[in-house]
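Enquirer: Show me the folded form of this:
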Amino acid sequence: MSAGGDIVIVGAGQAGFQAAASLREGGFDGSLTIVGDESVARYQRPPLSKAYLAGQASGESLALRPARFYADHRIAIRLGIRATAVDRAARRVAVASGEPLAYDHLILATGARNRPLAVPGADLQGVLQLRTLAEADAVRRSLTGRERIVVVGAGFIGLEVAAAAAARGIAVTVVETAERVMARAVSRPISAFFRTAHEAAGIRFVLGAGVERIAGRGGRVAAVETADGRSLAADLVLVGIGVVPNVDLAAAAGLPVADGILVDHRLLTSDPSISAIGDCAAFPSPFAGNAPTRIESVQNAVDQARCVAARLTGRAAPYGALPWFWSDQGRVKLQIAGLATPHDLAVTRGDPASGAFSVFRYREERLVAVESVNRPADHMVARRLIAQRAPLPAGQAADPAFDLRALVGHAAAA
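Expert: Next up, the predicted model:
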């Protein structure tokens, strides 16, 4: 269907937008419609917990493209409308208001939603989460005039918000069920470094403790009570305990799901007329032994969207982009290339005491991931090394005198 037909994209986030843009760039000349349940224009999510929350970025700067881009490229945008069902036999998408949308190909870019904190008091005023622009606005307003905030969850979002709150002079306590920060995402040296950096900024950590309940006064949050008997005073609570992929639409349509909508190496579901991309899709990643893998990142959303657009315009290729991530926490930047789980060896390059170092992680003597703190050059080299599957002995990675860039050039020439 490289020339025409009807394509419907459910999801108006980064993945959905990129799919539409790439389809037009690839020569698709048919009908193209994006349906999104948020009523605001398409925007970038990563800055919401970083520059936007800190007041360093405006709402206008978050726009993925100017409004006229969509008209110029004949992309119909239907915002504030929820897709309610997919009729696969008739190839139609039912929406909450209006006529069903017919498709020749359907792209599910439904994303994910915040994982709820299932404890008493989670519905009190002053208990917030952060994923959408509206939620970021609520958090930004709520930080004004607050004295004590408890952040539940020491993942990327939780620590980014904690850093922004501490920079405002607010007393911050982070509660995490794991024994270290970002435990599911990074190595122990990286966890230790970030904990120390945040503690130096005045942030307090309560690790290895779950939340039992949130206590309130007059309908508003007053304290967070942990399973080990602590009561942490708070006039604001930010819950950042991960996300849940939005698979309900796909599951109701009879498509296989398991922590994501299951797709093949072409990002096709079991229905050849339906693709799934972005945070909602679980795909066989070559960087995870081809196990079903769901990745929450802008890189993955954009690259998967381009992959599907290429297939639909006659340039099919399996999806095999290297995953990479980043997190800005105060003045510290963390960049990650690759997927480290599982790994059996980690070596450090550089001195953590200097505030700039990298951790190289190995699985069966193969480099699988590199985590870099304030070392962007290491990150860029690592992306190429891992993507090229270039051999790098752990001893060379740990040797600051060894020239990693020369290795990249050698691998490219081989």
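Enquirer: What are the contacting residues of stretch 182-189?
Expert: 154-156, 159, 176, 178, 180, 190-191, 194, 325, 334, 336, 340, 343, 346, 348, 352, 357, 359, 361, 371 (CB atoms under 8 Å, 6 or more residues apart in numbering). C-beta coordinates here come from the backbone N, C-alpha and C atoms, glycine included.
Enquirer: And for stretch 82-91?
Expert: By CB under 8 Å, 6+ apart, the list of residues contacting stretch 82-91 reads 10, 35, 37, 92-96, 100, 102-104, 106, 249-250, 252-254, 271, 273-274.
Enquirer: Could you tell me which of these are located in strands?
Expert: With DSSP state E as the criterion, strands contain 10, 35, 92, 93, 94, 95, 102, 106, 274 from among the contacts of stretch 82-91.
Enquirer: The fifth one: what's it in contact with?
Expert: With contacts defined as CB under 8 Å, 6+ apart, residue 94 is in contact with 83, 84, 85, 86, 87, 100.
Enquirer: Out of those, which end up buried?
Expert: Among the contacts of residue 94, those buried by neighbour count (16 or more other CB atoms under 10 Å) are 83, 86, 100.
Enquirer: name the element the second one belongs to?
Expert: Secondary-structure assignment from DSSP states H and E places residue 86 in strand 83-87.
Enquirer: Okay, helices next: where are they in the stretch 251-400 of the chain?
Expert: For the stretch 251-400 of the chain, the helices defined by DSSP state H, counting those that start in this stretch occupy 298-312, 376-387, 394-398.
Enquirer: what do you get for the stretch 1-150 of the chain?
Expert: Going by DSSP H, counting those that start in this stretch, the stretch 1-150 of the chain shows helices at 14-25, 68-72, 133-143.
Enquirer: of the ones you listed, which approaches residue 242 most closely?
Expert: Between residue 242 and the helices of the stretch 1-150 of the chain, the tightest spacing by CB to CB is seen for helix 133-143, at 14.9 Å.
Enquirer: What count of nearby residues applies to the closest residue to residue 394 other than its chain neighbours?
Expert: Leaving out its chain neighbours, the residue that sits closest to residue 394 by CB to CB, 6 or more residues apart in numbering is residue 347, at 4.7 Å. By other CB atoms under 10 Å, the residues close to residue 347 number 18.
Enquirer: Then residue 262?
Expert: 20.
Enquirer: just residue 328 next, same as before
Expert: Using other CB under 10 Å, residue 328 is surrounded by 20 other residues.
Enquirer: Run through the bridge partners of it.
Expert: For residue 328, the beta-bridge partners are residue 333 (DSSP bridges).
Enquirer: what residues are up against it?
Expert: So residue 328 contacts 50, 51, 160, 334 (CB under 8 Å, 6+ apart).
Enquirer: Next: residue 283.
Expert: By CB under 8 Å, 6+ apart, the contact set of residue 283 is 263, 264, 265, 267, 292, 293, 294, 304, 319.
Enquirer: same thing but at 6 Å, please
Expert: residue 263 (CB atoms under 6 Å, 6 or more residues apart in numbering).
Enquirer: mind checking how far it is from residue 105?
Expert: 17 Å (CB to CB, to the nearest Å).
Enquirer: Check residue 329 too.
Expert: With CB to CB as the criterion, residue 329 and residue 105 are 40 Å apart.
Enquirer: swap in residue 175?
Expert: 45 Å.
Enquirer: next one: residue 22
Expert: In terms of CB to CB, residue 22 sits 14 Å off from residue 105.
Enquirer: how about low-confidence regions in the stretch 101-250 of the chain?
Expert: Of all residues in the stretch 101-250 of the chain, none has pLDDT under 70.
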